[in-house]
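Engineer: Turn this into a model:
(one chain, ligands or ions: 2)
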Amino acid sequence: MPAKLSVNLNAIAMLRNRRDLPWPSVEALGRIALQAGASGLTVHPRPDQRHIRFSDLPVIRALIDDEFPQAEFNIEGYPTDEFFELCAGVQPEQVTLVPDDPAQATSDHGWDFRRNRDFLTGEIARYKKLGCRVSLFADGDGDAEAVSVAKAVGADRIELYTGPYGGCYDAPERAAPILDALGRTADAAIAIGLAVNAGHDLTVANLPPLIKRIPDLAETSIGHGLTADALEFGMAETVRRFRRACGQSV
Ligand SMILES: CC(=O)[C@@H](O)[C@H](O)COP(=O)(O)O
Ligand SMILES: NCC(=O)COP(=O)(O)O
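Structural biologist: Ligands and ions are numbered 1, 2, ... in the order given. Model (predicted):
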């Protein structure tokens, strides 16, 4: 089955937050994305609410429940008690735990699974009680043993951090070893029954080689590059372009 596309709304929210006005509307752009065939919506609320606001979460939940009941809500973030309460309030289909510090501009690495083994075991257990699928943000460095720890702590999936791959946009020759390591990480995960998502700095240009190397990729979550394209091509056409890049027939 081709990889699903979950549209990350953080960049839309960040544009909105430039003014004390309700546009561009996260809800309206999310609706257009789902109408154009996105499989779900992703948000990454941070404690300072500089992108998604906590008040956006019930609005997105209601959009999915009322109009697109087949779609999934994926919430990404560092597992604090505050983050848990946000998730408990809106019951996302998937939670992606990310080891980001509030001061970071954006996520820039995956979990050190060995070091956080006990912490992640406890955290995953409480999200599972909410009924959420749990995915863990992971470096795609080919470390098969680390992937086995992700499985042991109870994750359902890993999400490959593709930032270094996306960062090769101006020097594609540097991408080959990074893609190879991402692929080996995915192979190790799939071999032990962990499904694999991917995200960060993915584009219509760099998605097809990633999908070719990881044909069983379950889902991509894409925000920054997709929002940039949406300014040029419109949200609906952009979602269709990214779905084609995921290997979907559109
Ligand atoms: C985990 C990850 O890679 C994304 O959630 C990313 O952090 C998106 O958030 P921003 O677009 O706000 O950086
Ligand atoms: N999990 C990655 C994500 O949701 C979006 O990342 P980006 O496309 O904004 O870099």
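Engineer: Bridging across strands, which residues link to the residue lying closest to Gly199 once chain neighbours are set aside?
Structural biologist: Counting by CB to CB, 6 or more residues apart in numbering, Gly199 lies nearest to Ser221, which is 4.1 Å off, once chain neighbours are set aside. C-beta here means a position set from N, CA and C on the backbone, and glycine is covered the same way. Beta bridges link Ser221 to Ser6, Gly199, judged by DSSP bridges.
Engineer: measure Ser221 to Arg241 for me?
Structural biologist: From Ser221 across to Arg241, the span is 16 Å (CB to CB, to the nearest Å).
Engineer: what does Asp170 give?
Structural biologist: Relative to Arg241, and taking CB to CB, Asp170 is found at 21 Å.
Engineer: more crowded one of these two?
Structural biologist: Arg241 (19 against 6; other CB atoms under 10 Å).
Engineer: Touching, the more buried one and Met235? I think so.
Structural biologist: No: contact status for Arg241 versus Met235: not in contact, 10.7 Å apart, counting by CB atoms under 8 Å.
Engineer: Provide a list of residues in contact with the residue of the chain found nearest ligand 2.
Structural biologist: The chain approaches ligand 2 most closely through Gly199 (2.7 Å), counting by CB to the nearest ligand atom. Residues in contact with Gly199 (CB atoms under 8 Å, 6 or more residues apart in numbering) are Asn8, Thr42, Glu159, Leu160, Tyr161, Thr162, Thr220, Ser221, Ile222.
Engineer: got TSV for those, with distance to ligand 2, neighbour count and pLDDT too?
Structural biologist: Shown next, in TSV, are these (distance: CB to the nearest ligand atom, whole Å; neighbours: other CB atoms under 10 Å; pLDDT from 0 to 100):
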residue	distance to ligand 2	neighbour count	pLDDT
Asn8	4	27	98
Thr42	5	29	99
Glu159	6	29	98
Leu160	9	28	98
Tyr161	8	26	98
Thr162	8	22	98
Thr220	8	29	98
Ser221	3	26	98
Ile222	4	31	98
